[in-house]
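*Asks:* quick check, what structure comes out for this input:
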Amino acid sequence: MSTPGNLDTESELSFERSLYVGGQITAILYGRLNLLYLACSLRGRDANFYVIYGTILLILWTIALACNALFGQYAWIDHRDVDGPAAYIEENISAAYNTLGTTAGVIMNFLSDGLLIYRCYILWSSWKVIIFPIFLYFGGLCALAQPGANFFVGHAVDFGVPYISLTISLNIIVTGLICGRLLYLRNEVNKILGPTHAKMYTSIIAILVESAALFTILGIVYVVVYARKSQTSIALVQVWGDFCAISPQLIILRIAMGHGWTKDTVGKLTTPTKRILPPPL
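*Replies:* Okay, the predicted model is just below:
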């Protein structure tokens, strides 16, 4: 496969367009994250862990966005008269500021996966269910640490094949486990609260948010597009990376609003003698 610096003219333009469009979408989604973060902070004063977690995600995304913006300025404006943006990107991929931005994005991804595994544990109340996801989680971290696993190798973006395979496999498995558990608990909630009030916990939107389904779906779409060697994969991977912060923040918002699943809620549903849920807000 070719690297950005030796693509033909049309492929070079496709690569640049994809990178640019992905950056613009990222900027829009970053604004949305700020609104979600503000809503969570105002509502979740008693959920200190989630407020701190959300703050860390916002800081990491801010760092990544600023570094990517600087990289774009250098490639398209300050140094485009040298060998062209694609060549500049290839030659400066390991620049300190870009490495900082990439590192921030990777940490954001691992924080997102970690929360997803934790939420899976909360819903299943069993360590046995998350043993395999934990192996995948640390396997992805080890794969990323291998030499040559940079983010711009190949026709567009290469996270390191082992890393991207492990992290998306993890997302698929954990999302499936969470969805399956929520569908099972749906019947239990219906028995206790009735269909009307149960919607707060078991609606389609609730299941999609709690399982971070959109994050997983975007990851699958990225892999398919990447496998087809399409330059648009670089735009998709940026959007997929954005949901490393947005999906957890949506879960946190549900918790802050009192609509999210907690260990206490699951315990009351799965323990016959404790099946009393708080009234819907």
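*Asks:* surely Ile117 touches Leu136?
*Replies:* No: counting by Cβ atoms under 8 Å, Ile117 sits too far from Leu136 to count as a contact (9.2 Å). Quick note: C-beta positions are derived from backbone N, CA and C, even for glycine.
*Asks:* overlap of the contact sets of these two?
*Replies:* Leu170 (Cβ atoms under 8 Å, 6 or more residues apart in numbering).
*Asks:* need the helix or strand of this protein with the lowest average pLDDT.
*Replies:* Lowest on mean pLDDT, DSSP states H and E among the helices and strands of the chain sits helix 263-270, with a mean of 75.
*Asks:* helices and strands around that helix, which ones?
*Replies:* Secondary-structure packing of helix 263-270 (3 or more Cβ pairs under 8 Å, 6 or more residues apart in numbering; DSSP states H and E): helix 96-124, helix 161-202.
*Asks:* what's in contact with the helix or strand just after the shortest one?
*Replies:* Read that as helix 96-124. The helix or strand immediately downstream of helix 96-124 is helix 127-144, counting by DSSP states H and E. With Cβ under 8 Å, 6+ apart as the test, helix 127-144 has contacts from 106, 110, 113-114, 117, 120-121, 124, 149, 159-160, 162-163, 166-167, 169-170, 173-174, 177.
*Asks:* give me the angle between helix 127-144 and helix 161-202.
*Replies:* Using axes from the mean of the first three to the mean of the last three Cα atoms, to 10 degrees, the direction of helix 127-144 lies 140 degrees away from that of helix 161-202.
*Asks:* extract the CA atoms of helix 127-144 and return them as CSV.
*Replies:* The C-alpha atoms that make up helix 127-144 are tabulated as CSV, following Å, rounded to 0.1, in the frame of the first residue of the first chain:
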residue,chain,number,x,y,z
TRP,A,127,-16.6,-10.4,36.8
LYS,A,128,-16.8,-13.6,34.7
VAL,A,129,-18.7,-11.8,31.9
ILE,A,130,-16.0,-9.2,31.5
ILE,A,131,-12.8,-11.4,31.7
PHE,A,132,-12.5,-11.8,28.0
PRO,A,133,-13.2,-8.1,27.2
ILE,A,134,-10.5,-7.2,29.7
PHE,A,135,-8.0,-9.4,27.9
LEU,A,136,-8.9,-7.6,24.6
TYR,A,137,-8.7,-4.2,26.4
PHE,A,138,-5.1,-4.8,27.5
GLY,A,139,-4.2,-6.6,24.3
GLY,A,140,-5.1,-3.5,22.3
LEU,A,141,-2.9,-1.4,24.6
CYS,A,142,0.0,-3.8,24.0
ALA,A,143,-0.6,-3.8,20.2
LEU,A,144,-0.5,-0.1,20.1
